[in-house]
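>>> mind looking at a prediction? Sequence and model below.
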Amino acid sequence: MAPPARDFVKLAENLDRACFDAEDSGDEGRSAIFFALARLVSALAFASSAVTPGDYAEATYEALMAMPDPGQAALGLQRDLDRLA
């Protein structure tokens, strides 16, 4: 039996809302955690419905934005991809 489907888009929206609520209350630590979780779930949403290379690029972008240093993570990913080419 297949596991229940997840509505990643709705979950990402809820996590974004929690991020903004935490930010509004001055809790930067919780806001950062919710931001990262929202980006990861958003990456799952894009990846699970991806059809075009652009869709996969959007999923990758969202996943990178969840990292503490997205620029450095992107450079590392590019180096890895270059080695595979």
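That came through, no problem.

>>> give me the contacts around the top helix by length along the chain.
Assignment by DSSP state H gives helix 28-48 as the longest helix of the chain. If you take C-beta atoms under 8 Å, 6 or more residues apart in numbering as the criterion, helix 28-48 is touched by 6, 8-9, 11-12, 15-16, 18-20, 22-23, 55-56, 58-60, 62-63, 65-67. C-betas here are computed from N, CA, C, even on glycine.

>>> quick one: mean pLDDT for that helix?
Mean per-residue pLDDT for helix 28-48: 95.

>>> same check, this time on stretch 11-22
For stretch 11-22, mean pLDDT is 97.

>>> angle of whatever helix or strand comes next after the longest helix of the chain against helix 28-48?
For helix 28-48, the following helix or strand on the C-terminal side (DSSP states H and E) is helix 53-65. For helix 53-65 against helix 28-48, the angle by axes from the mean of the first three to the mean of the last three C-alpha atoms, to 10 degrees is 160 degrees.

>>> helices or strands up against the strand or helix carrying residue 12?
Secondary structure assigned from DSSP H and E places residue 12 in helix 8-24. Contacts defined by 3 or more C-beta pairs under 8 Å, 6 or more residues apart in numbering; DSSP states H and E place helix 8-24 against helix 28-48.
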